[in-house]
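> My questions are about this predicted structure, shown below with the sequence.
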Amino acid sequence: MPYTKEELKDLAYYQNLLDADEQAYLVERERLKSLVDVSGSYYDGNLIVRDEAGTIRLFENPYTGELYDDEASTLFVSRTVNQLKDDDSINEILNREIREL
């Protein structure tokens, strides 16, 4: 029969397992954070922690469930948009002559 949440709070084995998982999580966060630390220079967000697939890795405090408020949790997004030229050079690429079928 499975344990209830109240019973798990009193179970030493489960509490040790939970603590080990939390510590491993924090060690992994620190390891990845140390890989992207920029010593003495301004952090512009281009070294944010990612996994092998390129997915951004954000970590939360395992005790409170809130995101850490540091450079490893800050994502910079460029809002610069390339604008088309104001001349007619686009007409050489697009065929704008609409004909009836």
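Sure thing, it's come through. Residues are numbered from 1 along each chain as shown.
> Can you check the pLDDT for V27?
Looking at V27, its pLDDT stands at 89.
> Same check on Y14?
91.
> contacting residues for Y68?
If you count contacts by CB atoms under 8 Å, 6 or more residues apart in numbering, Y68 has them with F59, E60, N61. From N, CA and C alone the C-beta is placed, and that goes for glycine too.
> ok, of those residues, which come out buried?
Listed as buried from the contacts of Y68 are F59; burial here means 16 or more other CB atoms under 10 Å.
> longest helix in the chain, by residue count?
In the chain, taking DSSP state H as the definition, the longest helix is helix 12-36.
> That one packs against which elements?
helix 5-10 (3 or more CB pairs under 8 Å, 6 or more residues apart in numbering; DSSP states H and E).
> Now the terminal residues of stretch 57-67, how far apart.
11 Å (CA to CA, to the nearest Å).
> Now do the buried residues in that stretch.
For stretch 57-67, a neighbour-count test (16+ other CB under 10 Å) marks F59 as buried.
> roughly how far out does it sit from the chain middle?
Distance, stretch centre to chain centre, for stretch 57-67: 12 Å (CA atoms, centre = their mean, to the nearest Å).
> and what of stretch 56-74?
For stretch 56-74, the distance to the chain centre is 9 Å (CA atoms, centre = their mean).
> All good on my end, thank you.
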